[in-house]
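1. All I have is the shape, not the residue letters:
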């Protein structure tokens with residue numbers, strides 16, 4: 001991964017984008033794709049789309065990721081100045097206690113901590129986990145009046161987490177889900193445009209995926225794609241405590257993951273696997289018997305049925321502040337999808353032989 005590409009990824013990871021509050025991250029994403037696009041546009045809720053126009057009779061192919069992350073929100077402000085919480089998306093109550101957080105209160109973010117009773121004072125073995133609604137943020141004020149001068153109900157809250165360089169090409173941070181997906185969409189778009197394909201190529205960064213694939217539904221209603229590939233993280237199961245009966249056998253650094261079944265159109269699966277084999281890019285396979293749990297599930301039912309595929313990026317410890325990815329998987333995914341777009345006419349039309 002080149003320095004400019006890594007800087008872009010670090011910028012995305014350093015920008016807080018909880019669902020419903022994605023504007024800053026979407027702005028940074030657009031800055032990266034705009035020099036390579038014939039047009040960019042943003043809809044009323046912040047879904048961002050870039051397009052490079054190809055030949056009039058050539059297919060159009062989109063590479064998409066979701067730009068939002070899970071988080072927390074100020075539910076109410078107590079008289080003692082503590083901030084009561086609710087979830088944004090699938091936040092994990094087992095990893096929030098005792099964390100540094102930022103309350104995104106307009107232009108003046110407020111530092112805080114999520115309180116945890118000291119082990120010396122807890123009754124019993126202390127192994128239970130309080131619901132998020134029973135947790136609170138301490139911003140250091142003396143009472144509710146002082147707290148209300150700094151924050152408001154509905155302010156989003158994110159856990160503070162540094163980007164950590166692990167061994168080899170592995171990196172840990174909060175929000176790999178799904179900054180790595182929109183990084184891949186943008187970088188695949190850049191590389192595809194450089195190849196000057198006949199196909200029209202789209203890059204998409206959606207909003208509110210963590211709340212139910214909502215941004216993808218908006219984009220899929222507005223734009224008719226011939227094919228769309230949704231890039232998202234998928235569970236890497238090469239960790240000591242990963243349950244053996246859930247998920248497919250997925251390893252960090254072993255390549256992007258092609259999901260099969262449900263939303264994943266067989267013609268797109270075949271195209272991606274063919275490109276991977278031709279380019280010498282290692283791929284892993286995953287079973288998606290009922291659903292992918294990604295934007296592909298929304299895209300493939302749009303506009304009367306749109307050929308779609310979920311391409312996964314292996315990720316350990318999803319929905320925690322220490323998600324771990326291998327940068328080699330990201331680079332391989334970007335190269336793979338750029339080549340798929342550049343060879344789009346070879347695989348179109350994307351249909352099922354009956």
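-> That came through fine. What you see is a predicted model, and the numbers here were worked out from it, not measured in a lab. Numbering: from 1, shown residues only.
2. where's the spatially most central residue of the chain relative to residue 151, distance?
-> Within the chain, the residue whose C-alpha comes closest to the C-alpha centroid is residue 178; the distance, by Cα atoms, centre = their mean, is 1.5 Å. As for residue 178, its distance to residue 151 is 27 Å (criterion: Cβ to Cβ, to the nearest Å). Glycine gets a C-beta too; all of them are placed from N, C-alpha and C.
3. Ok, residue 213 next?
-> If you go by Cβ to Cβ, the gap between residue 213 and residue 151 works out to 30 Å.
4. can you count the residues close to residue 152?
-> Residue 152 has 13 neighbouring residues, counting by other Cβ atoms under 10 Å.
5. Isn't it up against residue 74?
-> Yes. Contact status for residue 152 versus residue 74: in contact at 7.0 Å, counting by Cβ atoms under 8 Å.
6. Can you spell out the domain ranges of this protein, please?
-> Structural domains annotated on the chain: 3-69+174-347, 73-159, as defined by automatic domain parsing.
7. Reformat the ones you listed as JSON lines; add distance to residue 167 and mean pLDDT.
-> As requested, the domains of the chain are exported to JSON lines (distance: least, Cβ to Cβ, whole Å; pLDDT from 0 to 100):
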{"stretch": "domain 3-69+174-347", "distance to residue 167": "10", "mean pLDDT": "96"}
{"stretch": "domain 73-159", "distance to residue 167": "23", "mean pLDDT": "93"}
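8. Single out the most deeply packed of these.
-> Ranked by mean neighbour count, the domains of the chain are led by domain 3-69+174-347 with a mean of 21 (mean count of other Cβ atoms under 10 Å).
9. Now find how far off-centre that domain is within its chain.
-> Taking the mean of its C-alpha atoms, domain 3-69+174-347 sits 8 Å from the chain's own mean (Cα atoms, centre = their mean, to the nearest Å).
10. Could you tell me the end-to-end distance of that domain?
-> In domain 3-69+174-347, first residue to last residue: 33 Å (Cα to Cα, to the nearest Å).
11. What of stretch 205-219?
-> Across its full length, stretch 205-219 reaches 10 Å end to end, with Cα to Cα as the criterion.
12. JSON lines please, covering the domains of the chain and showing distance to residue 165.
-> Shown next, in JSON lines, are the domains of the chain (distance: least, Cβ to Cβ, whole Å):
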{"stretch": "domain 3-69+174-347", "distance to residue 165": "10"}
{"stretch": "domain 73-159", "distance to residue 165": "19"}
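13. so which of the ones you listed comes closest to residue 166?
-> In this view, the domains of the chain are compared for proximity to residue 166 by Cβ to Cβ, and domain 3-69+174-347 is the closest at 6.7 Å.
14. need the helices for the stretch 201-350 of the chain, in chain order.
-> Listed in chain order, the helices of the stretch 201-350 of the chain (DSSP state H, counting those that start in this stretch) span residues 214-222, 266-279, 296-299, 327-342, 344-347.
15. Adding distance to residue 1, write these out as JSON lines.
-> Compiled in JSON lines, those are given as follows (distance: least, Cβ to Cβ, whole Å):
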{"stretch": "helix 214-222", "distance to residue 1": "27"}
{"stretch": "helix 266-279", "distance to residue 1": "17"}
{"stretch": "helix 296-299", "distance to residue 1": "25"}
{"stretch": "helix 327-342", "distance to residue 1": "5"}
{"stretch": "helix 344-347", "distance to residue 1": "25"}
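16. For residue 180, which three-state class applies?
-> In terms of secondary structure, residue 180 is helix; the call rests on DSSP: H, G, I helix; E, B strand; the rest coil.
17. Kindly report the same for the one 3 residues further on.
-> For residue 183, the secondary-structure state derived from three-state DSSP is helix.
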